[in-house]
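sequence below, structure please.
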Amino acid sequence: MRFSLIFALLACCLSCSSDPQHERPVWLEKLSASNGSLGMLPEADCLARDGIWSGTGEANVALCSKTIRDSGKPCSDHSQCQTLCKTHSQVEAGHRTTGTCYASYSIRGGCIQGVAHGHAEGIVCLDP
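Residues are numbered from 1 along each chain as shown. You can find the predicted model right below:
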């Protein structure tokens with residue numbers, strides 16, 4: 001599901017123009033290149049790799065995700081974050097702003113506005 005969501009985002013942005021409000025967000029490529037998964041691992045192996053194990057008590061194997069160490073850290077560009085640099089609140093695209101590092105490798109719906117090179121990017125909204 002995570003991959004299909006990222007590819008849907010990529011597809012919706014293929015016809016973007018040079019207008020900052022409609023430019024393809026830089027963070028889309030960053031998330032699709034590194035989805036944060038360490039794979040299907042037993043809980044002990046996942047935790048030994050400093051991962052986040054998503055199983056339940058009954059599961060022997062579950063998806064293991066990379067730990068995001070910089071979640072909530074102030075940023076002004078995606079390169080400063082493991083995931084992406086996200087605005088604190090909606091800002092007109094192209095205006096100077098700062099943000100914080102996003103807390104997840106996946107996007108489960110809602111709207112996200114990134115910060116690249118100290119400027120707000122266009123807003124991307126997804127259905128849950």
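
who does the nearest residue to residue 80 once chain neighbours are set aside form a beta bridge with?
Distances taken as Cβ to Cβ, 6 or more residues apart in numbering place residue 101 nearest to residue 80, at 7.1 Å, with adjacent residues excluded. The C-beta positions use only the backbone N, C-alpha and C, and glycine is treated the same way. Note on residue 101: beta-bridge partners by DSSP bridges are residue 85.

who touches residue 101 in this structure?
68, 70-73, 75, 80-86 (Cβ atoms under 8 Å, 6 or more residues apart in numbering).

give me the subset of the residues you listed that lies in strands.
Among these, the ones falling in strands (DSSP state E) are 75, 85-86.

identify the residue nearest residue 55 in space, chain neighbours excluded?
Nearest to residue 55 is residue 62, by Cβ to Cβ, 6+ apart, at 2.8 Å.

same check, this time on residue 98
Nearest to residue 98 is residue 76, by Cβ to Cβ, 6+ apart, at 5.1 Å.

report the contact partners of that neighbour.
Here residue 76 is in contact with 85, 98-99, 115, 117-118 (Cβ under 8 Å, 6+ apart).

in what helix or strand does residue 111 lie?
Using DSSP states H and E, the element containing residue 111 is strand 110-116.

now do the following helix or strand past that strand and strand 110-116, the angle between them.
Next in sequence after strand 110-116, counting helices and strands by DSSP H and E, comes strand 119-126. Here strand 119-126 runs at an angle of 160 degrees relative to strand 110-116 (axes from the mean of the first three to the mean of the last three Cα atoms, to 10 degrees).
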